[in-house]
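Q: Quick one, what's the 3D model for this:
(chains A, B, C and D)
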Number of protein chains: 2
Amino acid sequence: MLRLSKLTDYAVVVLARLEDAEDGGVLTAPGLAARTGLAEPTVSKVLKILAQRGLVEGRRGATGGYRLTRPLADMPLTEVITAIDGPIALTACVDNSSGLCDAEATCPVRGRWDPVNDAIRRALSGISIADLAHAPAVVPHPEPAAARQAVYAAAE
Amino acid sequence: MLRLSKLTDYAVVVLARLEDAEDGGVLTAPGLAARTGLAEPTVSKVLKILAQRGLVEGRRGATGGYRLTRPLADMPLTEVITAIDGPIALTACVDNSSGLCDAEATCPVRGRWDPVNDAIRRALSGISIADLAHAPAVVPHPEPAAARQAVYAAAE
DNA sequence: GCAATCCGGACCTGTCTGGTCCTGTTTGCA
DNA sequence: TGCAAACAGGACCAGACAGGTCCGGATTGC
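A: Below you'll find the model as predicted:
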């Protein structure tokens, strides 16, 4: 499924909201949680990670909050994915970290995922967060909470 | 981390070995397990999935076994990934399956991962299993079992 | 001094993957 | 015709990991 972690998705949402902020672009974690509809601890967690990677800037104190360090257009998607999920690579048996593959001794594919990973990195490198954030339209949803429950139930 | 399941990795290994087979290209699951160094039940599991998707052909009976349905060069990587891991998509809140995203009502990114997924699919579509299987060289490993244990231990 | 906020952890829990096993069913051969 | 070899299709279990929560401490403005 090529699963990306949910946190990465959240990060994009949070960054998008952050760019829309007034007051010099500063927003608190609770404020962002309210605007995104995500749980406050989760938003806080995402922001902490982003701050460590230099994507946002945290300011402590009574009038503190988070602020973007640069416009989303200058923020490649790869940087956010790397910040949250770590290096962009398809499997564990990759990038010279020899020994992680169970069938290493007889594996004819060993080291051969590299071109695949490169292809993916290239594909993603041209996309910025702004490309994702500035969506033209959001599909409207009649009954958010109710519909969500229904789909969750139907999913399994 | 963009993690791909290990089974997909195994599938590529198994397919590569299968192409090298003599005897009309037919190999049994135990035989493939021996040649790949993977556990027999695991190999069997992978082969069953691949057979369901039409990538290999299973033949029952005393002289049965598995055989490729076509050359690896004609087998795109995306097909194997899709067979093992399901549709190629970066997150759960993707491809019109509305309702899976927690912050759907306020999510400004909703539906916007599609171009990202398209980019990845395009990047992968040009790669065949043969490109992965025909590796130029395998990094030799001095003491397979012992070294593997050591690395596993050091990893955590 | 107090309140609001970020910071850096630890911690728990549910889910999912990897891996195993078991019971049919099919096929070839003696 | 019986037997053995092999696939088919499940169920099942244990471990790892991600999502999510919470807490104590540090910092800043009023």
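Q: how about the residue nearest to residue A:32 when sequence neighbours are not counted, secondary structure?
A: Distances taken as CB to CB, 6 or more residues apart in numbering or on different chains place residue A:43 nearest to residue A:32, at 5.2 Å, with adjacent residues excluded. No exception for glycine: its C-beta is placed from N, CA and C like everyone else's. Residue A:43 carries the three-state label helix when classified by DSSP: H, G, I helix; E, B strand; the rest coil.
Q: Secondary structure of residue A:57: a strand, I assume?
A: Yes. Counting by three-state DSSP, residue A:57 is found in a strand.
Q: What count of nearby residues applies to it?
A: Residue A:57: 15 surrounding residues under other CB atoms under 10 Å in any protein chain shown.
Q: Which residues does it form beta bridges with?
A: residue A:67 (DSSP bridges).
Q: Quick one: the strands in chain A, in order.
A: A:56-59, A:65-68 (DSSP state E).
Q: Indicate which one of the ones you listed is closest to residue A:30.
A: strand A:65-68 (9.7 Å; CB to CB).
Q: Give the other helices and strands that that closest one contacts.
A: In terms of contacts (3 or more CB pairs under 8 Å, 6 or more residues apart in numbering or on different chains; DSSP states H and E), strand A:65-68 is packed against helix A:6-19, helix A:29-36, helix A:40-52, strand A:56-59.
Q: And the shortest one, what's buried?
A: By neighbour count, with 16 or more other CB atoms under 10 Å in any protein chain shown as the criterion, the buried positions of strand A:56-59 are residue A:56.
Q: neighbours of the residue nearest to residue A:32, just the number please.
A: The local packing of residue A:43 (other CB under 10 Å) involves 27 other residues.
Q: I'd say it and residue A:10 touch.
A: Yes. Assessed by CB atoms under 8 Å, residue A:43 is found in contact with residue A:10 at 7.3 Å.
Q: what touches both of these two?
A: residue A:36 (CB atoms under 8 Å, 6 or more residues apart in numbering or on different chains).
Q: what does chain A have sitting close to DNA strand C?
A: A:1, A:3, A:28-30, A:44-45, A:47-48, A:51-52, A:58-66, A:102, A:156 (CB under 7 Å from any atom of the strand).
Q: mind redoing it with 10 Å?
A: By CB under 10 Å from any atom of the strand, the residues of chain A that approach DNA strand C are A:1, A:3, A:26-33, A:40-41, A:43-45, A:47-52, A:56-67, A:91-92, A:102-103, A:152, A:155-156.
Q: tell me the contacts of the residue nearest to residue A:32?
A: A:10, A:14, A:29, A:32, A:33, A:36.
Q: Please repeat the previous calculation with a cut-off of 7 Å.
A: Counting by CB atoms under 7 Å, 6 or more residues apart in numbering or on different chains, residue A:43 touches A:14, A:29, A:32, A:33, A:36.
Q: can you check residue A:119 too?
A: B:123, B:124, B:127.
Q: taking the mean pLDDT, what do you get for stretch A:27-38?
A: Computed over stretch A:27-38, the mean pLDDT rounds to 91.
Q: how about that stretch, does it reach DNA strand D?
A: Yes. Looking at stretch A:27-38 against DNA strand D by CB under 10 Å from any atom of the strand, the contacts come from A:33, A:38.
Q: list the buried ones in that stretch?
A: A:27, A:28, A:29, A:31, A:32, A:33, A:35, A:36, A:37, A:38.
Q: same question, stretch A:121-128
A: Neighbour counts over stretch A:121-128 (16+ other CB under 10 Å) mark A:121, A:123, A:124, A:128 as buried.
Q: what does the model give the second one for pLDDT?
A: We have a pLDDT of 88 for residue A:123.
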